[in-house]
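1. how would this look folded up:
(6 chains)
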6 protein chains.
Amino acid sequence: MTNVPHPDEFRHNRAEGNDALRTTGSVVESFFALDGAAYAPGALPKGIKELMGLVISVTKDCEECVYYHLEQCEQEGVGREQVLEALHIAMVGAGSVTVPLLRRAIIFMDRLPGLAKPT
Amino acid sequence: MTNVPHPDEFRHNRAEGNDALRTTGSVVESFFALDGAAYAPGALPKGIKELMGLVISVTKDCEECVYYHLEQCEQEGVGREQVLEALHIAMVGAGSVTVPLLRRAIIFMDRLPGLAKPT
Amino acid sequence: MTNVPHPDEFRHNRAEGNDALRTTGSVVESFFALDGAAYAPGALPKGIKELMGLVISVTKDCEECVYYHLEQCEQEGVGREQVLEALHIAMVGAGSVTVPLLRRAIIFMDRLPGLAKPT
Amino acid sequence: MTNVPHPDEFRHNRAEGNDALRTTGSVVESFFALDGAAYAPGALPKGIKELMGLVISVTKDCEECVYYHLEQCEQEGVGREQVLEALHIAMVGAGSVTVPLLRRAIIFMDRLPGLAKPT
Amino acid sequence: MTNVPHPDEFRHNRAEGNDALRTTGSVVESFFALDGAAYAPGALPKGIKELMGLVISVTKDCEECVYYHLEQCEQEGVGREQVLEALHIAMVGAGSVTVPLLRRAIIFMDRLPGLAKPT
Amino acid sequence: MTNVPHPDEFRHNRAEGNDALRTTGSVVESFFALDGAAYAPGALPKGIKELMGLVISVTKDCEECVYYHLEQCEQEGVGREQVLEALHIAMVGAGSVTVPLLRRAIIFMDRLPGLAKPT
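-> Numbering: from 1, shown residues only, chains lettered A, B, ... in the order given. Model (predicted):
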């Protein structure tokens, strides 16, 4: 059972890892650019796209992707209630096997000022 | 290689199948109610939630779920460009194994007046 | 959207396909033998093991595996209510993306005398 | 590579996490109630249902779900040999990618008095 | 239970579908270009890369992807025994839930002159 | 977020865990033998088969399997560029949800003398 990382530690490790991955070839560079293009604001605002990335991440069981999209949601000004409703849709869509990752998501959210549970 | 169903045929078969499933026990009834609750408008509008259901369906390779959420998107007035951007996010998120289902999604969209390619 | 096969047609196609697969090498032969060993009655009766095969098949979205394990359940004298409870557990475990396959499972069950809905 | 948690620590963290998740909305409350209903004894005894939850958890690669269902199996008096046969079915059903989680399951079982390897 | 398509029909439908998908936006164009770049010969020959695409397709249960990579293997001069060994690795890796798709793969191979069973 | 293990620690834990798993029944013994048979050199050399095991492991999100196949690749004399091309194929095939595991794979490779980044 892994621990939920602190956002700063997560950001640092993720950036470092992506830099190393990027040096392995142009396919990675292009993939990252493509990913950026898909999430750029268009007919849908970026915040909504980040929520979509979040539900994909939960239902595909990608822990670090969940943390990343939560951070992006916070940065785009998505509200806590909006994030929670997205998580609930993911839970219903992919069932009880998502619950452990949802538990972590809630813990991580509480470490992000913009998404933390109001006290 | 299955054929893409016509929306009316799809709706009919889905409704009939769900009715049969519903008679198998209260767990199904409760699950369907829960699903309805998760997709009800709240902090996020229903159209955005249907787009989330769509990306989950593509990335989890659920063909009939894709058709269902496309229909719901049309009904909620979600635009073609918004649906396409959601499909692109799903493609990037879950990779080339989503492509066959995306091909079907495009065919099905063209049979829904509100989402069809403008001529 | 594929059609649900009739049990006799399904059995015939499956047997023919497995025979062809078996001729492709000893790894397949050994795998099939291993599969037989795992499902042989032991500390758990065969009927219960077939129910387990069924829930795996639903949650891993393996349509033909679902039909096969339903047939095996019928042959082992597993009752309709027991099968339905197993399907409900699969639905809760893997969420709404299982629903299309559950709809097919109900149709297939109704074509198996030992598992059909009582009239 | 995560460490296998001790059962008491696991139980504590899981309960705490589920409580936090529960406060995020009625969809979660309803989902947990539904999960309880699906696993309640009926045509199948609770122990058999927990074994089904276990095979789903292994084949869907849900580590904490595996620990939870192992605990529930122990509580229902399911025997070690029955659990092992269920794990073997999961291994054959979902292949060698289940092996790392099966290794953890064996370690966790040995920490549960009712399921530990006899010495 | 879907039917295995004939290679010409498959090629035609796939090309038509990909053309339609490509018109939906530059993200798709870029993704297809990226896919082409990943499969281009480099430190590994193209035939080996197509075999890798094949095992991914089997283990991720992507039926049309399997047909596509089989065709590409044939075109690259990969031999029947090499393809079968790759399929066996996929079977062991992802377990018995791959068997239905493997049955289809064998049927499709027999329709490709370069990969058909010698008579 | 788990830490990437050191190869020696990984090897030790894996061997110990597999030994414990092997004692749980003949199904496991047979499965391990089958796995060995599938990866034995035949029409394809062992190194290529290990690369296939690697792409399966990435796309099925099996972290320890990735480390194992990287070690096997090193042992078979597969080169760093060949491994990287295989990882890129996996990334394109299964999308951005593979990225966290790819980050770990790169770190682990750098701890294997035969696959480390040249300095």
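
2. only C-alpha atoms for contact and neighbour calcs from this point on.
-> Noted.

3. would you agree A:Leu84 is in contact with D:Thr24?
-> Yes - if you go by C-alpha atoms under 8 Å, A:Leu84 and D:Thr24 touch, sitting 6.7 Å apart.

4. neighbour count: those two, which is higher?
-> It is A:Leu84, of A:Leu84 and D:Thr24, that has more neighbours when counted by other C-alpha atoms under 10 Å in any protein chain shown, with 22 against 18.

5. so which helix or strand takes in that one?
-> In this structure, A:Leu84 sits in helix A:80-94 according to DSSP states H and E.

6. tell me, what residue is most central in chain A?
-> A:His69 (2.0 Å; C-alpha atoms, centre = their mean).

7. list the residues that contact it.
-> When contacts are counted by C-alpha atoms under 8 Å, 6 or more residues apart in numbering or on different chains, A:His69 touches A:50-51, A:53-54.

8. swap the cut-off to 10 Å and go again
-> Shown in contact with A:His69 (C-alpha atoms under 10 Å, 6 or more residues apart in numbering or on different chains): A:47, A:49-57, A:75.

9. against A:Arg103, how distant is A:Asp110?
-> Counting by C-alpha to C-alpha, to the nearest Å, the gap from A:Asp110 to A:Arg103 is 11 Å.

10. which one's more surrounded, those two?
-> A:Arg103 (21 against 14).

11. one step back: what pLDDT is listed against the residue nearest to the centre of chain A?
-> pLDDT for A:His69: 98.

12. that one: which element?
-> Assigned by DSSP H and E, A:His69 falls in helix A:63-75.

13. export that helix as CSV, just CAs?
-> Provided in CSV are the C-alpha atoms of helix A:63-75 (Å, rounded to 0.1, in the frame of the first residue of the first chain):
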residue,chain,number,x,y,z
GLU,A,63,-2.4,6.8,-9.7
GLU,A,64,0.1,9.5,-10.7
CYS,A,65,-2.2,10.6,-13.6
VAL,A,66,-4.9,11.3,-11.0
TYR,A,67,-2.6,13.5,-8.9
TYR,A,68,-1.4,15.3,-12.0
HIS,A,69,-5.0,16.1,-13.3
LEU,A,70,-6.1,17.1,-9.8
GLU,A,71,-3.3,19.7,-9.8
GLN,A,72,-4.3,20.9,-13.2
CYS,A,73,-7.9,21.2,-12.1
GLU,A,74,-6.8,23.3,-9.2
GLN,A,75,-4.7,25.5,-11.5
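
14. what's the spacing between it and its chain's center?
-> Computed by C-alpha atoms, centre = their mean, to the nearest Å, the chain-centroid distance of helix A:63-75 equals 3 Å.

15. now the two most distant members of the contacts of A:His69.
-> By the measure C-alpha to C-alpha, A:Ile56 and A:Gln75 form the most distant pair in the contacts of A:His69, at 18.7 Å.

16. look through chain A and state the residue closest to chain F.
-> For chain A, the residue closest to chain F is A:Gly17, as judged by C-alpha to the nearest C-alpha, at 5.2 Å.

17. please report phi then psi for the closest residue to A:Ala94 other than its chain neighbours.
-> Spatial nearest neighbour of A:Ala94, excluding adjacent residues (C-alpha to C-alpha, 6 or more residues apart in numbering or on different chains): C:Gly95 at 4.2 Å. Backbone torsions of C:Gly95, given as degrees, to the nearest 10, read phi 80, psi -170.

18. remind me which residues of chain A are low pLDDT?
-> A:1-2 (pLDDT under 70).

19. flag every residue of it that's near chain C.
-> Within chain A, the residues that sit near chain C (C-alpha under 10 Å from any C-alpha of the partner chain) are A:59, A:89-99.

20. dump those residues into CSV; add neighbour count as well.
-> Putting the residues of chain A next to chain C into CSV (neighbours: other C-alpha atoms under 10 Å in any protein chain shown) gives the following:
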residue, neighbour count
A:Thr59, 27
A:Ile89, 27
A:Ala90, 28
A:Met91, 29
A:Val92, 30
A:Gly93, 29
A:Ala94, 27
A:Gly95, 23
A:Ser96, 24
A:Val97, 26
A:Thr98, 24
A:Val99, 25
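
21. ok, the closest residue to A:Ser30 other than its chain neighbours - contacts?
-> Spatially, and ignoring its direct neighbours in sequence, A:Ser30 is nearest to E:Leu34 (6.8 Å; C-alpha to C-alpha, 6+ apart). Counting by C-alpha under 10 Å, 6+ apart, E:Leu34 makes contact with A:26-31, A:34, E:28, E:40, F:88-89, F:92.

22. what about the helices in chain A?
-> A:7-22, A:26-39, A:46-59, A:63-75, A:80-94, A:99-109 (DSSP state H).

23. close to chain E: what parts of chain A are there?
-> Residues of chain A lying near chain E by C-alpha under 10 Å from any C-alpha: A:25-31, A:33-38.

24. buried subset of the residues you listed as a PyMOL selection?
-> PyMOL command restricting these to the buried ones, with burial defined by 16 or more other C-alpha atoms under 10 Å in any protein chain shown:
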select buried, chain A and resi 27+28+29+30+31+34+35+37+38
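
25. of the residues of chain A next to chain E, closest to A:Glu64?
-> Once C-alpha to C-alpha is applied, the member of the residues of chain A next to chain E that ends up nearest A:Glu64 is A:Asp35, at 15.8 Å.

26. quick check: that closest one touching B:Ala94?
-> No - between A:Asp35 and B:Ala94 there is no contact under C-alpha atoms under 10 Å: 11.3 Å.
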